[in-house]
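>>> How does the following fold in three dimensions:
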Amino acid sequence: MTTDAIDPAAAERHSRREDLDAQEVDKLGMLGIALLAGPANVIMQLAVPAVGYGVFESKVDSGNLFKVPIKRTRTTLSYLAVAATGSADDRRLYRQAINKAHVQVRSSDDSPVKYNAFDPKLQLWVAACLYRGWEDMERLYGDPSNITEAAYQQGSVMGTTLQMPREMWPATRADFEKYWNDTIDGIEVDDTIRNYLMAIVRMEFMPKPITLAFGKFSETMTIGFLPVEFRNKMGLTMSPGQERFFKVHNAIVRKVVKILPGPLKHFPFNVLLADVRWRTKTGRSLV
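I've put the predicted structure just below:
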């Protein structure tokens, strides 16, 4: 995957052309991706070397999961809240805040691969992973009939809220599938990125008591949600015990999701979007 970057101003001009209705985008429902299958989606994103090393080598300490885990989790989930349910103005302001951090994320002469956080091709891959994760969650917990061509087109907002021009989003769902499979075929995960990803999966960025209490649960959920192609590239397998637990867990969650009232179904993203708007009004940092 090449790294032909565009500048922030150009990205902003591209993204102003988006005309997505926030209420329509809300149908994408990011709950499952961010909370249940978050680590699996991170593996998918960072499996592309230029994305993986961009995160692994980043010198932006304020966004480092292992240094400020609570803040990084908040800003990541806030991005999903803004992209999926925010207004065009919310997305514009959050994009500008992300741009300020991404300016510092670019490869050095010593980096194993070349990368630039403003590379629209890399942003396309991140958006594709988020969209594909939503589809998987709809199949598991939601209504598969929601997976329509219109919903696919709305998924482009995951990229245009970053620096991806709208026209880069594959034209149809069939085009997306070809892009997805072609990209996966060319992915190789080296030991450096594999070890980094497994540390995230096992929640080693959290205080040790939390890691010990929830690390195994996180690992089981991650392997369960991870598509088999990525399991193979990571060298991961699911034990019979993990598979049984994963199936029971899914059965329970499906029942719970169906009876939750609207505000709880949207939690924590409704709260995070309100927080982003409060931060904007009071002049506080968004990321």
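>>> Show me which residues of stretch 236-246 are buried.
Neighbour counts over stretch 236-246 (16 or more other Cβ atoms under 10 Å) mark 236, 238, 242, 245, 246 as buried. The way it works is simple: take the backbone N, C-alpha and C, and place the C-beta from them, glycine included.
>>> Farthest-apart pair in those, please.
Pairwise distances across these peak at 15.5 Å for 236 and 245 (criterion: Cβ to Cβ).
>>> quick check, nearest of the buried residues of stretch 236-246 to residue 261?
Residue 261 has its nearest neighbour among these in residue 246, at 26.5 Å by Cβ to Cβ.
>>> from what I can see residue 201 touches residue 218, true?
Yes. In this structure, residue 201 is within contact of residue 218 by Cβ atoms under 8 Å, at 6.0 Å.
>>> circling back to that earlier point, could you dump the buried residues of stretch 236-246 into JSON lines with distance to residue 90 and secondary structure added?
Listed next are these as JSON lines, based on distance: Cβ to Cβ, whole Å; DSSP: H, G, I helix; E, B strand; the rest coil:
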{"residue": "236", "distance to residue 90": "36", "secondary structure": "coil"}
{"residue": "238", "distance to residue 90": "38", "secondary structure": "coil"}
{"residue": "242", "distance to residue 90": "39", "secondary structure": "helix"}
{"residue": "245", "distance to residue 90": "38", "secondary structure": "helix"}
{"residue": "246", "distance to residue 90": "35", "secondary structure": "helix"}
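>>> Only the buried residues of the longest helix seen in the chain, if you could.
Counting by DSSP state H, the longest helix found in the chain is helix 120-141. For helix 120-141, the neighbour count (16+ other Cβ under 10 Å) marks 120-138, 140-141 as buried.
>>> Next: stretch 250-264.
Applying 16+ other Cβ under 10 Å to stretch 250-264 flags 250, 257 as buried.
>>> which residues are in contact with it?
Identification of contacts with stretch 250-264 by Cβ atoms under 8 Å, 6 or more residues apart in numbering yields 36, 140, 141, 142, 224, 265, 270.
>>> Can you say which of those are buried?
By 16+ other Cβ under 10 Å, the contacts of stretch 250-264 give 36, 140, 141, 142, 224, 270 as buried.
>>> Widest-spaced pair of those?
Across the buried ones among the contacts of stretch 250-264 (Cβ to Cβ), the longest gap, 26.9 Å, separates 224 and 270.
>>> Find the residue at the geometric middle of this protein.
For the chain, the residue nearest the mean C-alpha position is residue 130 (4.8 Å; Cα atoms, centre = their mean).
>>> you'd agree that one is up against residue 41?
Yes. The criterion here is Cβ under 8 Å, and residue 130 meets it with residue 41 at 6.6 Å.
>>> Can you name the element that comes right after the helix or strand hosting residue 74?
Assigning secondary structure by DSSP states H and E places residue 74 in helix 69-85. Once helix 69-85 ends, the next helix or strand along the chain (criterion: DSSP H and E) is helix 88-102.
>>> Now do that following helix against helix 69-85: the angle between them, please.
140 degrees (axes from the mean of the first three to the mean of the last three Cα atoms, to 10 degrees).
>>> Show me what helix 88-102 is packed against.
helix 8-15, helix 69-85, helix 269-282 (3 or more Cβ pairs under 8 Å, 6 or more residues apart in numbering; DSSP states H and E).
>>> who touches the last one?
Outside helix 269-282, the residues within contact range by Cβ under 8 Å, 6+ apart are 30-31, 34, 74, 77-78, 80-82, 84-86, 90, 93-94, 263, 284-286.
>>> Show me which of these are buried.
30-31, 34, 74, 77-78, 80-82, 84-86, 90, 93-94, 286.
>>> how about those residues, which pair is most distant?
31 and 93 (23.2 Å).
>>> Out of the buried ones among the contacts of stretch 250-264, which is nearest to residue 105?
The closest of the buried ones among the contacts of stretch 250-264, once distances to residue 105 are taken by Cβ to Cβ, is residue 36, at 27.5 Å.
>>> contacting residues around that closest one?
Residue 36 neighbours (Cβ under 8 Å, 6+ apart): 137, 221, 225, 253.
>>> From residue 228, how far out is it?
Note on residue 36: its distance to residue 228, by Cβ to Cβ, to the nearest Å, is 18 Å.
>>> Let me know how buried the closest residue to residue 106 other than its chain neighbours is, in neighbour terms.
Nearest residue to residue 106, sequence neighbours excluded (Cβ to Cβ, 6 or more residues apart in numbering): residue 116, at 4.6 Å. For residue 116, the count of nearby residues is 20 (other Cβ atoms under 10 Å).
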